[in-house]
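In: Quick one, fold the following:
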Amino acid sequence: MGGIQVKRSIEPGSMDAQVAARAVRRIKDYLMRHPEKEVIPVAGEIGNEEALILPRDAVSLLAYILAQAAEGRGVSVVPSHAELTTQQAADMLNVSRPYLIRLLEDGAVPYRLVGKHRRITVEDLMAYIRRDDLKRRSAADDLASLGQELGI
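Out: Numbers count the residues shown, from 1 in each chain. This next block holds a predicted model:
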C-alpha cells in the first residue's frame, strides 16, 4: 500500500479499551440505524474535505476488531489466501502440532509441500473449522435427543 505502513495485528491491551468500546458502540449504532446502506460515508475532519466511503463489510470488520480490543484481546488480520506453517495452524486450532499433522495426513485439511515443509492456507483451515463445528453441533443435538428419549 504505497508508502504507508499497514498494521496487521494489535497486541492484547495495546489499544485504549474505553476509546475502542466507545467507537464500537457508535459504529454498531450507525449500522443498526442504516441497515440498507452497503457503503458507509465517514465525514472528513477538515472543512469541506470529501467523506471517506467504506464498504459495509469493512466497517463491520472494524467494529469486530474494536470490540476485541475493548475486551483487551489482541487481533490479527490475515488474508484468506495466506499460508500457515504447521505450528501456526496448530496454534489457530489450539491443538498440538503432531495432532495437526495427523489431520493433514488423514486428508481432513488440505496442504501443500514447500520442500519438505507443509503449508496450509487460512481458507482451508477455516473450512475445516466450520466442518468440525457442524459435526460437533450435530453430535450434541443427537445426544440431547437421546437424553430426551431416555428421560434424562
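In: what's near enough to touch Val99?
Out: One thing to correct before we go on: residue 99 is Tyr, not Val. If you count contacts by CB atoms under 8 Å, 6 or more residues apart in numbering, Tyr99 has them with Ala90. Bear in mind the C-beta positions are built from the backbone N, C-alpha and C, glycine included.
In: What residues sit buried inside the host helix or strand of it?
Out: According to DSSP states H and E, Tyr99 maps onto helix 97-105. For helix 97-105, burial by neighbour count (16 or more other CB atoms under 10 Å) applies to Leu100, Leu103, Leu104.
In: now the residue nearest to the second one when sequence neighbours are not counted: how far from Lys135?
Out: The one in question is Leu103. Leaving aside its sequence neighbours, Leu103 sits nearest to Val109 (CB to CB, 6 or more residues apart in numbering; 5.1 Å). Noted for Val109: a distance of 14 Å to Lys135, by CB to CB, to the nearest Å.
In: ok, the two, which is more surrounded?
Out: Val109 (21 against 10; other CB atoms under 10 Å).
In: Helix, strand or coil: sort out Ile53 for me.
Out: strand (DSSP: H, G, I helix; E, B strand; the rest coil).
In: and if you look at Leu113?
Out: Going by three-state DSSP: Leu113 is strand.
In: mind checking pLDDT for it?
Out: pLDDT for Leu113: 95.
In: Also Lys28?
Out: On the pLDDT scale, Lys28 is placed at 92.
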